[in-house]
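K.L.:
can't give you the sequence, but here's the structure:
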């Protein structure tokens, strides 16, 4: 039960399913980022904050039996889901560990790359996490990071007061738990401080219709959010219309996700960085 409370959206079956959909939505961009970072057959890769392992499974298939994936995840339930999924697929090259990235030593070293997505925004000390991950890379190793840049850009068009209220509730909860939804703004300073040189940074912006696959990602986030009903009905002491269930159920009148044609997801960005540590006098150049 305490683990359920530790995670903003919990670790229950519905959240495992939502995270699977999230990975399917972003998988094309993820695969492109891994390719550009040079992750290939034989690579050793850390999946930091692996969740139930949807990315770890893809990485394991890419690196093959000659490579290894070290999946680091705080939730024992998520680690169990990952291990069962790997066994079902016959993947024996994933080492899954129950690890708190902030407080625990990392059971990995000499990795060719690490991958981290929407984790630094939730941890209480992203600088400490980056320093640990830097130390876990080999000299010249690569970091691939997907994080939020400006959460305020999440919007339904035309503008909807109910959506703005829900978004503020999420941001307030997020920061009260010790995270920072706009962590992407800090990474250009945090990465060099941890020993990385930034190789590339790429903003990612989506504008989608309700029927698009990408739409399902914020819709299921809203549906699973533990206090969305409170936001819609009680935050100002009066009932709210719309946005009750962003997947289409509930009130179809006027306000909210259900009645609108377009949505714009919040801005995110992708960073690919390289460790500056090198046993030689001159480090590898970046391109």
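P.N.:
Sure thing, it's come through. Here the structure is a predicted model, which is why all the values come from computation and not from measurement. Residues are numbered from 1 along each chain as shown.

K.L.:
contacts, neighbours, all on C-alpha from now
P.N.:
OK.

K.L.:
tell me the centre residue of this protein?
P.N.:
For the chain, the residue nearest the mean C-alpha position is residue 118 (2.5 Å; Cα atoms, centre = their mean).

K.L.:
list the contacts of it.
P.N.:
Neighbouring residues of residue 118 by Cα atoms under 8 Å, 6 or more residues apart in numbering: 146-148.

K.L.:
next: residue 136.
P.N.:
So residue 136 contacts 106, 108-111 (Cα under 8 Å, 6+ apart).

K.L.:
need the nearest residue in space to it, chain neighbours excluded.
P.N.:
Spatial nearest neighbour of residue 136, chain neighbours left out: residue 109 (4.1 Å); criterion: Cα to Cα, 6 or more residues apart in numbering.

K.L.:
thinking the one you found is in contact with residue 135, fair?
P.N.:
Yes. Applying Cα atoms under 8 Å, one finds residue 109 in contact with residue 135, separated by 7.3 Å.

K.L.:
of these two, who's got more company?
P.N.:
Neighbours were counted for residue 109 and for residue 135 using other Cα atoms under 10 Å; residue 135 has more, 20 against 17.

K.L.:
now that one: how far from residue 194?
P.N.:
Applying Cα to Cα, to the nearest Å, the value for residue 135 to residue 194 is 9 Å.

K.L.:
got TSV for the contacts of residue 136, with pLDDT, secondary structure and distance to residue 84 too?
P.N.:
Below are these laid out as TSV (pLDDT from 0 to 100; DSSP: H, G, I helix; E, B strand; the rest coil; distance: Cα to Cα, whole Å):
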residue	pLDDT	secondary structure	distance to residue 84
106	97	coil	22
108	95	coil	21
109	95	coil	25
110	97	coil	27
111	98	strand	24
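
K.L.:
quick check: residue 148 touching residue 119?
P.N.:
No. Assessed by Cα under 8 Å, residue 148 is found out of contact with residue 119, at 9.7 Å.

K.L.:
pLDDT score for residue 71?
P.N.:
Residue 71 carries a pLDDT value of 98.

K.L.:
indicate each strand paired with whichever strand or helix holds it and its parallel or antiparallel sense.
P.N.:
In this assignment (DSSP states H and E), residue 71 forms part of strand 68-73. If you go by DSSP bridges, strand 68-73 pairs up with strand 44-48 (parallel), strand 94-98 (parallel).

K.L.:
could I get these as CSV with distance to residue 11 and mean neighbour count?
P.N.:
Shown next, in CSV, are the strands paired with strand 68-73 (distance: least, Cα to Cα, whole Å; neighbours: other Cα atoms under 10 Å):
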stretch, distance to residue 11, mean neighbour count
strand 44-48, 17, 27
strand 94-98, 14, 21
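
K.L.:
of all those strands, which one is nearest residue 174?
P.N.:
The closest of the strands paired with strand 68-73 to residue 174 is strand 44-48. By Cα to Cα, the value is 19.6 Å.

K.L.:
tell me the mean pLDDT for that closest one?
P.N.:
Across strand 44-48, pLDDT averages out at 98.

K.L.:
can you tell me the element residue 141 falls in?
P.N.:
Element membership for residue 141 (DSSP H and E) is strand 137-150.

K.L.:
chain center to that strand: distance?
P.N.:
Mean C-alpha position of strand 137-150 versus that of the full chain (Cα atoms, centre = their mean, to the nearest Å) differs by 12 Å.

K.L.:
buried ones in the following helix or strand past it, by neighbour count?
P.N.:
On the C-terminal side of strand 137-150, the closest following helix or strand by DSSP H and E is strand 155-157. Within strand 155-157, the residues scored as buried using 16 or more other Cα atoms under 10 Å are 155-156.

K.L.:
ok, back up a step: buried sites along the helix or strand that comes right after the strand holding residue 71?
P.N.:
On the C-terminal side of strand 68-73, the closest following helix or strand by DSSP H and E is helix 76-89. Residues of helix 76-89 classed as buried by neighbour count (16+ other Cα under 10 Å): 76-83, 85-86.

K.L.:
list of residues touching helix 76-89?
P.N.:
With contact meaning Cα under 8 Å, 6+ apart, helix 76-89 is reached by 11, 16, 51-54, 57, 73, 92, 94, 96-98.

K.L.:
can you tell me the average pLDDT over it?
P.N.:
95.

K.L.:
what angle sits between that helix and strand 94-98?
P.N.:
Counting by axes from the mean of the first three to the mean of the last three Cα atoms, to 10 degrees, helix 76-89 lies at 170 degrees to strand 94-98.
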